[in-house]
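Participant: I would like the atomic coordinates for the input below:
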Amino acid sequence: MDANALKERVAELSPWFHNIDLGHGVWTAPEHFLGDYPGFKFRRFADALPADLTGRTVLDIGCNAGFYSLEMKRRGAARVLGIDSDDRYLAQARLAAEALGGAGDIEFRNLSVYDVGALGERFDVVVFMGVLYHLRHPLLALDLIREHVADDLMLFQTMQQGADDLSDVPANHPFHKPGTFDPPDYFNDPGYPKLHFIEREFADDWTNWWAPNRAASEAMLRAAGFTVEAQPDHDVYICRVAPVPYAEYGPAAVYPAKGVR
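Facilitator: Below is the predicted model of the structure:
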């Protein structure tokens, strides 16, 4: 399509959070407050991902306008599925794929992260970028991803607040300091895993519920059955599936089926 038609379709679907270059001099969000986002962020850690995804499958959870879905397809992925629970974002993603020649190569579907089990398949690469802190039940989401769809690699990002320190946390926490009734001191350490709860709004967004510190992000990933292989950016992690801790005691993810009373 020509530039004018493309501009009209971009305007019809505005506002956009992904500022994507669609060609013909058309960007989806030229006035974006972060500029070339998420492009400039991706360039900071792009080299940490496999350059060649030929024959591999990718699931992009919370795909928004499809930036990462498109990038994974450019690397040769055989199948790319982007899911989101917002129909406008999905329409944006389909337009971006159409404009960039990938309309027939990427599937976009309305699906919540809590319902990934309905897909009935596992993926070589799971992209889970910028979603965790928008969820009321973040650890459940990680549990469900590990249980149902992650087969090898996960690209993970979350907003983080607080210290970057990592405390030496004991595997088994005592109630008190030995010989006292005083609580252990490490709960007050800056590097103890903390998931800060945002009751109302963060940056004018009422869907920002959580802001983990670095220790909490890494601890939650481990608890869900992922191992951190690399941290190529301060809030970005390259993870691999690993044994789920305490799996011998039963499944960690408990999520009732819809319609069950």
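Participant: just the helices in the stretch 1-150 of the chain please.
Facilitator: 3-12, 39-45, 67-74, 87-99, 138-148 (DSSP state H, counting those that start in this stretch).
Participant: Against the centre of this structure, work out the most remote residue.
Facilitator: Here the centre of the chain is the reference, and by C-alpha atoms, centre = their mean the most remote residue is G179, at 43.9 Å.
Participant: Distance check, that one against L111.
Facilitator: 53 Å (C-beta to C-beta, to the nearest Å). Quick note: C-beta positions are derived from backbone N, CA and C, even for glycine.
Participant: again with W210
Facilitator: As defined by C-beta to C-beta, W210 lies at a distance of 21 Å from L111.
Participant: G66 too?
Facilitator: 14 Å.
Participant: So which of these two has more stuff around it?
Facilitator: Set G66 next to L111 and count neighbours by other C-beta atoms under 10 Å: G66 wins out with 28 against 18.
Participant: what about the stretch 1-150 of the chain, any weak spots by pLDDT?
Facilitator: 103 (pLDDT under 70).
Participant: And for the stretch 151-261 of the chain?
Facilitator: Ranges of the stretch 151-261 of the chain meeting pLDDT under 70: 256-261.
Participant: could you pull out the strands for it?
Facilitator: Taking DSSP state E, counting those that start in this stretch to define them, one finds strands in the stretch 151-261 of the chain at 195-197, 210-212, 226-233, 236-241.
Participant: Would you convert those strands into CSV that also reports distance to D2?
Facilitator: Output for the strands of the stretch 151-261 of the chain, formatted as CSV (distance: least, C-beta to C-beta, whole Å):
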stretch, distance to D2
strand 195-197, 48
strand 210-212, 44
strand 226-233, 37
strand 236-241, 37
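Participant: Out of these, which is the most enclosed?
Facilitator: strand 210-212 (a mean of 21; mean count of other C-beta atoms under 10 Å).
Participant: what's near enough to touch the closest residue to D151 other than its chain neighbours?
Facilitator: In space, and not counting its chain neighbours, D151 is closest to R122: 3.8 Å by C-beta to C-beta, 6 or more residues apart in numbering. With contact taken as C-beta atoms under 8 Å, 6 or more residues apart in numbering, R122 is in contact with H148, V149, A150, D151.
Participant: now R122: how far from D115?
Facilitator: Relative to D115, and taking C-beta to C-beta, R122 is found at 15 Å.
Participant: now D86
Facilitator: On the measure of C-beta to C-beta, D86 and D115 end up 14 Å apart.
Participant: repeat for S167
Facilitator: Distance from S167 to D115, by C-beta to C-beta: 35 Å.
Participant: Kindly report the same for Y133.
Facilitator: Distance of Y133 to D115, given as C-beta to C-beta: 19 Å.
Participant: higher neighbour count, the two?
Facilitator: Legend: neighbour count by other C-beta under 10 Å for Y133 and D115, higher for Y133 (23 against 16).
Participant: Isn't that one up against M159?
Facilitator: Yes. The pair Y133 / M159 is scored as a contact, 4.6 Å apart, by C-beta atoms under 8 Å.
Participant: what touches both of these two?
Facilitator: Common neighbours of Y133 and M159 (C-beta under 8 Å, 6+ apart) are N208, A211.
Participant: picking up where we left off before, for the contacts of R122, which one is nearest G76?
Facilitator: D151 (17.5 Å; C-beta to C-beta).
Participant: isn't the closest one right up against F123?
Facilitator: Yes. Counting by C-beta under 8 Å, D151 touches F123, with 5.9 Å between them.
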